[in-house]
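Student: Next come a sequence and a model predicted from it.
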Amino acid sequence: MNFLQRRKPTPSVPILPLIDILTILLIFFVVTTQFKKKKHTLEIELPKSNGQSVTMQVLDDAVLAISKEGQYSLNTVRMPQDELVNYLNIYREENPKAKFIIEQDKGTGEEYEVFAIDALTEAGFKHISKRVLLDGEEK
């Protein structure tokens, strides 16, 4: 008796459907990508420091920007100097564990920075740092 033996099909991977899926995924990621936005609206030039480069982990920090003229900006909201403490108190109610980074223009007077630090401590914030540009670093 002669029985027919079936050959087992050789396994293969269809490449053309994979290319289609890859193209669709690529288009999806390009369309849904969100680019990093600036956190403040004041145009400031940060002062430079000759210090060593430090790796810092930033997690949802609030930015308090100070211009040369003494204008303040909390993230994207501009405010006058006399309203800064009120804005910070309101911000404290919404974000009690916020950490602040002070970015001030290179020509800003020290009195504006001292006023900002006083306002932050009066509002109850404890984690305050200042951002400067290191040699060779760009904005």
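Tutor: The structure has been received and is ready for your questions.
Student: which SSE is Leu16 in?
Tutor: helix 15-32 (DSSP states H and E).
Student: before we move on, what about Ala116?
Tutor: helix 110-123.
Student: average pLDDT across that helix?
Tutor: For helix 110-123, the mean per-residue pLDDT is 86.
Student: and if you look at stretch 131-139?
Tutor: 60.
Student: picking up where we left off before, what packs against the helix holding Ala116?
Tutor: strand 62-66, helix 84-94, strand 100-104, strand 128-130 (3 or more Cβ pairs under 8 Å, 6 or more residues apart in numbering; DSSP states H and E). C-betas here are computed from N, CA, C, even on glycine.
Student: average pLDDT for the helix holding Leu16?
Tutor: Mean pLDDT, helix 15-32: 91.
Student: Could you list the residues in contact with it?
Tutor: Around helix 15-32, nothing counts as a contact under Cβ atoms under 8 Å, 6 or more residues apart in numbering.
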